[in-house]
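mind folding the following:
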Amino acid sequence: MCNRYENHGSVSHIRAIVREINRILNTTSATDNLAPQDNIYPDQDAPILRNAPDGSVELTMARWGFPPIPGEKPPITNIRNLKSKWWAQVNREWLTAREYRCLVPFTAFAEPVVNSKWFVVPGHEVACFAGVWRPWRGERLAEQPGQKRRAREERDWSLFSFLTTDANDIVRPVHEKAMPVILVDRAEQTEWLEGGAESLRLQRPLPNEMLTIRA
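Sure, this is the predicted structure:
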């Protein structure tokens, strides 16, 4: 949990979030007018909010999933064990540096199963996962002009993943092991974007009363 989420947030919703953390939002040609995404799965593109060099926040599209651990195939969609050598040493820069921090907007998340239960944050039309992104060059599935199927293509990518943590009492009956790290407090969103090892303290479950299952 989770390898499926949705984002129905508009640019206006996201601009309001950025305004409340006293930052300026810049968009790209791909995010000027966001289309609703009912189902976002690993190895698909989705919007993220990342720090820009000029101090603003950029809303851009990125591919969900870090490069896999050597010898494994699936991309790394969820980051859990921060004390592992893989994150504490090999990939520490991506995890802690300010320039690679991001927020991942969402409106609901679920397990990718039949008859999924969707979790939402009441009172927040758009919430955010605590994410990280990185540049990477390699082969991933890419859309082909005039074709429905994607094909593997080598190019430069922006990849993202987000942190998970222990499941709270709302998520545990559905997925007992983990849930995404969700940030709705503006101070915590600011702290996360600022980077640094100290902000990893935000890897914790959302309080039970702040999450519910959508009817």
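
count the residues that sit near H175.
One way to gauge burial is a neighbour count; for H175, by other CB atoms under 10 Å, it gives 17. Yep, even glycine has a C-beta here, placed from its N, CA and C like the rest.

strands of the chain, residue ranges please.
If DSSP state E is used as the criterion, the strands of the chain fall at 4-7, 25-27, 37-40, 45-51, 57-64, 78-79, 101-106, 108-110, 119-120, 127-142, 151-165, 179-180, 182-183, 212-213.

for the fifth one, packing partners?
Strand 57-64 sits against helix 11-20, strand 25-27, strand 45-51, strand 151-165, with contacts defined as 3 or more CB pairs under 8 Å, 6 or more residues apart in numbering; DSSP states H and E.

I'd like those as a markdown table, with mean neighbour count appended.
A markdown table is the format used below for these (neighbours: other CB atoms under 10 Å):
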| stretch | mean neighbour count |
| --- | --- |
| helix 11-20 | 16 |
| strand 25-27 | 16 |
| strand 45-51 | 23 |
| strand 151-165 | 17 |
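
could you dump the ones you listed into JSON lines and include mean pLDDT and distance to G123?
JSON lines is the format used below for the helices and strands packed on strand 57-64 (pLDDT from 0 to 100; distance: least, CB to CB, whole Å):
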{"stretch": "helix 11-20", "mean pLDDT": "95", "distance to G123": "13"}
{"stretch": "strand 25-27", "mean pLDDT": "96", "distance to G123": "22"}
{"stretch": "strand 45-51", "mean pLDDT": "97", "distance to G123": "20"}
{"stretch": "strand 151-165", "mean pLDDT": "92", "distance to G123": "21"}
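
possible to save the strands of the chain as JSON lines with distance to V90?
Putting these into JSON lines (distance: least, CB to CB, whole Å) gives the following:
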{"stretch": "strand 4-7", "distance to V90": "27"}
{"stretch": "strand 25-27", "distance to V90": "31"}
{"stretch": "strand 37-40", "distance to V90": "27"}
{"stretch": "strand 45-51", "distance to V90": "22"}
{"stretch": "strand 57-64", "distance to V90": "20"}
{"stretch": "strand 78-79", "distance to V90": "13"}
{"stretch": "strand 101-106", "distance to V90": "18"}
{"stretch": "strand 108-110", "distance to V90": "28"}
{"stretch": "strand 119-120", "distance to V90": "31"}
{"stretch": "strand 127-142", "distance to V90": "12"}
{"stretch": "strand 151-165", "distance to V90": "14"}
{"stretch": "strand 179-180", "distance to V90": "23"}
{"stretch": "strand 182-183", "distance to V90": "25"}
{"stretch": "strand 212-213", "distance to V90": "37"}
